[in-house]
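> only geometry, no sequence info:
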Ligand SMILES: [Mg+2]
Ligand SMILES: [Mg+2]
């Protein structure tokens, strides 16, 4: 209602900090440059997930490096020093484009998509990486890779990144040594998060995909809604495991799936040690409210008491 | 070659026991009654997985309780007191039958299948359960449920089983209180195997499905063969977790996926404490050979030395 909307508005400009002083990074997920309006309207502290598919989906051929660069640069500049995490292409599954010439698959959600495709088509991937690294000097940019299942994939990506940097140096183009992170959105990645932690700078848990693979339930299949449990203990246990392994390996750990905006779990996430929550712009203020209500210094608060 | 085939033949009638005396249950997977020829030819010690789809797939309408009963009874009798584990219907995904009137799904492997379907159609499920319980007095039968993801599902199944028993008693039909187990073939089940262990008598790890969900890779999609890793550390870690949790909760733990027949892992499985391996009939003797070569009393044998 209006009254609570008004109260939320008063949280703009306030810190996302618990009663006992634990600061949480509260970022927004965006799917295109036009979402930035909503980011500012809701006072997000950064972009925790910049989905980069839109430039590929809205065109009839591969976007050029320049087109990608301009988009990333403009978001980086608009955020004026605040974190912008660009996720590399997650095409495939339910996001298809003609010019990629993908074959029809029996189970596209477990198919040829995201990093699998990018590693097989290094020219396409490197174009995007060049655009991201070129944009890095215009703000506080990080890069994040989707659908990781192995250490080997991460090492291959890092080799391509080194190639890109070398090429940029040879061409006298400026870039920064930005943070590289991975999505933890497959059970495989969660289970080997100890091994992955030493390869990257941060983890962002994609709870939607992680949950669907963990439960073996297509989250877009309405026939299975009664079986889908977003709070399944297996998912929460993996999340805890990922935070612990991430921290041990020197990574910060965030959540960028829908679960991150579920305020019935906010305090539990903070108790687990989650460092960052990235949510839809429209959810930022209600999550901030929940963070500010939380007190981690008491064993388990009943915040409705 | 012929020579090694002959050597394998000499293992018939021999025990599946390690050098240091650890006995392993070495069973076979079958898909129909006609597979029994091969079970005997290869000296399997039981049936670790009796896939029950065949009677549904080969017909144009639901098989009757009597048809199911006769099939289960004949296998139970043929095995003459050796274990026969009947897995309840895993229809859906790549196994479709007209008369179930299933809708086309975008990701059938993560779809409306197996126990999800059976719990929604209790009449169909109870017909099969009645046939299994009726067959139980003709041998050493167990029942196993596929695609489990939650404690709740198992409790619902057990309620239906109690109803079936009650009905059989009311009709003066004999049955035994047979062992009930579950497939561990979703990451969810592996991660909550401690909770599931107190609900059932045994676990059988379905490594094919477990691996595909863990890696988010459709194992039937040839385009992803290079990415599919049957020995992925996440799967082996889950397997270890399942054995530990199963044992703590009083369950025996077996493997009935393809990985169970992978002799490069046999010794590792035995060291983990796996109690049973159920493999294709044609693989029984080579797995027996590998078990008999293994010595768990030495830290880590190099059996090729
Ligand atoms: Mg995802
Ligand atoms: Mg299966």
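The structure has been received and is ready for your questions. Since the model is a prediction, treat every value here as computed from it, not as a measurement. Ligands and ions are numbered 1, 2, ... in the order given.

> so who does the residue of the stretch 151-300 of chain A found nearest ligand 2 touch?
Evaluated by CB to the ion, the stretch 151-300 of chain A has residue A:216 as its residue closest to ligand 2, separated by 9.4 Å. Glycine gets a C-beta too; all of them are placed from N, C-alpha and C. Under the criterion of CB atoms under 8 Å, 6 or more residues apart in numbering or on different chains, the contact partners of residue A:216 comprise B:109-110, B:147, B:149, B:185-188, B:209, B:213.

> residue A:91 now?
When contacts are counted by CB under 8 Å, 6+ apart, residue A:91 is found next to A:53, A:56-57, A:97, A:100, A:113-114, A:117.

> out of those, which are inside helices?
With helices taken from DSSP state H, the overlap with those comprises A:56-57, A:114, A:117.

> quick revisit: measure the residue of the stretch 151-300 of chain A closest to ligand 2 to residue A:89 for me?
When CB to CB, to the nearest Å is the yardstick, residue A:216 and residue A:89 sit 26 Å from each other.

> around ligand 1, pick out the residues from chain A.
Neighbours of ligand 1 within chain A, by CB under 5 Å from the ion: A:185, A:206, A:209.

> 8 Å instead, please
A:90, A:114, A:146-147, A:183, A:185, A:206, A:208-209, A:257 (CB under 8 Å from the ion).

> hang on, the earlier thing: and of the contacts of residue A:91, the nearest to ligand 2?
Of all the contacts of residue A:91, the one sitting nearest ligand 2 is residue A:113; the distance, using CB to the ion, is 22.6 Å.

> grab the nearest non-local neighbour of that closest one.
Spatially, and ignoring its direct neighbours in sequence, residue A:113 is nearest to residue A:92 (2.5 Å; CB to CB, 6 or more residues apart in numbering or on different chains).

> just the strands in the stretch 101-250 of chain A please.
A:140-145, A:180-184, A:202-205 (DSSP state E, counting those that start in this stretch).

> chain B: which of the ones you listed is closest?
Counting by CB to the nearest CB, chain B lies closest to strand A:180-184 out of those; the figure is 11.4 Å.

> list the pairing partners of the closest one within its sheet, with orientation.
According to DSSP bridges, strand A:180-184 has the following sheet partners: strand A:140-145 (parallel), strand A:202-205 (parallel).

> highest mean neighbour count out of the ones you listed?
The densest packing among the strands paired with strand A:180-184, expressed as mean neighbour count by mean count of other CB atoms under 10 Å in any protein chain shown, is seen in strand A:202-205 with a mean of 27.

> what residues does that strand touch?
The contact list for strand A:202-205 (CB under 8 Å, 6+ apart) reads A:48-49, A:85, A:142, A:144, A:179, A:181-185, A:190, A:193, A:196-197, A:239, A:242, A:246, A:251-257, A:276, A:278.

> and the residue of chain A closest to ligand 1?
Of all residues in chain A, residue A:209 sits closest to ligand 1, with a separation of 3.8 Å (CB to the ion).

> you'd agree that residue is up against residue A:187?
No: proximity of residue A:209 to residue A:187 does not meet the contact threshold set by CB atoms under 8 Å, at 9.9 Å.

> of these two, who's got more company?
Relative neighbour count places residue A:187 above the other of residue A:209 and residue A:187, with 31 against 23, counting by other CB atoms under 10 Å in any protein chain shown.

> which residue packs closest to that one, ignoring adjacent ones?
Computed as CB to CB, 6+ apart, the closest residue to residue A:187 that is not its neighbour in sequence is residue B:187, at 3.8 Å.

> so for the worst-scoring helix or strand of chain A on mean pLDDT, what gets flagged as buried?
Confidence across the helices and strands of chain A bottoms out at helix A:2-9, with a mean of 86, counting by mean pLDDT, DSSP states H and E. Within helix A:2-9, the residues that qualify as buried are residue A:8, counting by 16 or more other CB atoms under 10 Å in any protein chain shown.

> and the contacts of it?
Contacts to helix A:2-9, defined as CB under 8 Å, 6+ apart, come from residues A:285-286, A:289.

> show me how far the longest helix along chain A is from its chain's centre.
Assignment by DSSP H gives helix A:151-170 as the longest helix of chain A. In terms of CA atoms, centre = their mean, to the nearest Å, the gap separating the centre of helix A:151-170 from the centre of its chain is 21 Å.

> what's that helix packed up against?
Here helix A:151-170 is seen to pack against helix A:114-120, helix A:122-135, strand A:140-145, strand A:180-184, helix A:193-197 when contacts are counted using 3 or more CB pairs under 8 Å, 6 or more residues apart in numbering or on different chains; DSSP states H and E.

> wait, which of the ones you listed is closest to residue B:267?
helix A:193-197 (23.1 Å; CB to CB).

> so is the closest one next to chain B?
Yes: counting by CB under 8 Å from any CB of the partner chain, contacts between helix A:193-197 and chain B involve residue A:195.

> any idea which helix or strand carries the residue positioned nearest the centre of chain A?
Within chain A, the residue whose C-alpha comes closest to the C-alpha centroid is residue A:49; the distance, by CA atoms, centre = their mean, is 3.8 Å. Using DSSP states H and E, residue A:49 falls within strand A:47-51.

> what strands line up against that strand, and which way round?
The strands beside strand A:47-51 in its sheet (DSSP bridges) come out as strand A:25-30 (parallel), strand A:83-87 (parallel).

> adding mean neighbour count, write these out as CSV.
Formatted as CSV, the entries for the strands paired with strand A:47-51 read as follows, by neighbours: other CB atoms under 10 Å in any protein chain shown:
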stretch, mean neighbour count
strand A:25-30, 24
strand A:83-87, 24
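
> against residue A:164, how distant is residue A:132?
Taken as CB to CB, the span from residue A:132 to residue A:164 is 9 Å.

> what about these two, which has more around it?
Shown here are residue A:132 and residue A:164; by other CB under 10 Å, residue A:132 has more neighbours (28 against 22).

> quick one: low-confidence ranges for the stretch 101-250 of chain A?
The stretch 101-250 of chain A contains no residues with pLDDT under 70.

> return the set of buried residues in stretch A:33-40.
Neighbour-count burial for stretch A:33-40, with 16+ other CB under 10 Å as criterion, is recorded at A:33, A:35-36, A:39.

> if we can go back for a sec, so which of the helices and strands packed on helix A:151-170 comes closest to residue A:266?
When the helices and strands packed on helix A:151-170 are compared by CB to CB, strand A:180-184 sits nearest residue A:266, at 19.0 Å.

> what's that closest one in contact with?
Residues beyond strand A:180-184 that count as contacts (CB under 8 Å, 6+ apart) turn out to be A:85, A:87, A:142-148, A:154, A:157-158, A:161, A:189-190, A:193, A:196, A:199-206, A:209-210, A:242, A:251, A:256.

> for stretch A:186-197, same thing?
Identification of contacts with stretch A:186-197 by CB under 8 Å, 6+ apart yields A:147-151, A:154, A:182-184, A:203, A:205, A:209-210, A:213-214, A:238-239, A:241-242, A:245-246, A:248-251, B:187, B:213-216, B:232-235, B:237-238.

> hmm, try it at 7 Å
A:147-149, A:151, A:154, A:182, A:184, A:203, A:210, A:213-214, A:238, A:241-242, A:245-246, A:248-251, B:187, B:213-216, B:232-234, B:237-238 (CB atoms under 7 Å, 6 or more residues apart in numbering or on different chains).
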